[in-house]
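J.: Output the structure for:
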Amino acid sequence: MILTAPVSALCADFRVLPDGTTYQAAVEVTGSEYGFWMQGLLGERVPLAVDDVQVIGASGQVEYRKVNAATIAFPAGNYTIRYRAPIRDNHIQAVFDEPYSVTVHLPPGLDVQNPLLGLISPGGRVTEEENGSITIRWDRAPYVEVRFYDPGREILLNTFGTIWMIAAIVLLLPYLLSRRR
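T.: Numbers count the residues shown, from 1 in each chain. I've put the predicted structure just below:
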């Protein structure tokens, strides 16, 4: 997701739902327009499919209009924009026009702490909660990226690594023994 001018984000909260395929976002903004974008493979802006969009001001929900497939407009002011969006390949990323505070919440069963499977953009602090959920926080980051995994992927990685270690030992042992003679 990319925020576009003339909106500046104050803070953002992303909450991954238990199935790991969707997230709910709440982004505080000041402005009159908001764009729902994700970054493509070449860095281009790709419209993000969103559901349940709400623009909430101090006096409650505010009407908005669609400018195009990925942008909404509303009266200038301070708002919280709430929406739900799909997660592709266990990967969430957000790019903002200026540094902001962001929090990503992962439900129990999802993790980011194995560096071979998970990814957290620089500056993120990981906290494991009592209920098994994970919270990642950034104080002032212009870009946030999180790649998470489930326990099944960690088991596959361990199994794959074990098989390759055994294969390497079986193939190298005769060579090492012949060099010893």
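
J.: Can you give me the domain boundaries for this protein?
T.: Per automatic domain parsing, the structural domains of the chain span 8-149, 151-181.

J.: As JSON lines, those domains with mean pLDDT and mean neighbour count would be great.
T.: The C-beta positions use only the backbone N, C-alpha and C, and glycine is treated the same way. JSON lines is the format used below for the domains of the chain (pLDDT from 0 to 100; neighbours: other CB atoms under 10 Å):
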{"stretch": "domain 8-149", "mean pLDDT": "91", "mean neighbour count": "16"}
{"stretch": "domain 151-181", "mean pLDDT": "84", "mean neighbour count": "10"}
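
J.: and T159, what helix or strand is that in?
T.: Element membership of T159 [criterion: DSSP states H and E] is helix 151-180.

J.: should've said V126
T.: Secondary structure assignment for V126, by DSSP H and E: strand 125-128.

J.: what does that strand rub up against?
T.: By CB atoms under 8 Å, 6 or more residues apart in numbering, the residues outside strand 125-128 that reach it are 112-113, 120, 134-138.

J.: got it, and stretch 12-26?
T.: Stretch 12-26 is contacted by residues 1, 27-28, 80-87, 90, 92, 94, 96, 100-107, 109-110, 148, 150 when judged by CB under 8 Å, 6+ apart.

J.: ok, 6 Å please
T.: Residues from elsewhere that reach stretch 12-26, judged by CB atoms under 6 Å, 6 or more residues apart in numbering: 27, 80, 82-84, 86-87, 102-107, 110.

J.: Pull the most distant pair out of those.
T.: T80 and L110 (24.9 Å; CB to CB).

J.: my guess is F148 meets L110, correct?
T.: Yes - assessed by CB atoms under 6 Å, F148 is found in contact with L110 at 4.8 Å.

J.: and the gap between G118 and W138?
T.: Distance of G118 to W138, computed by CB to CB, to the nearest Å: 16 Å.
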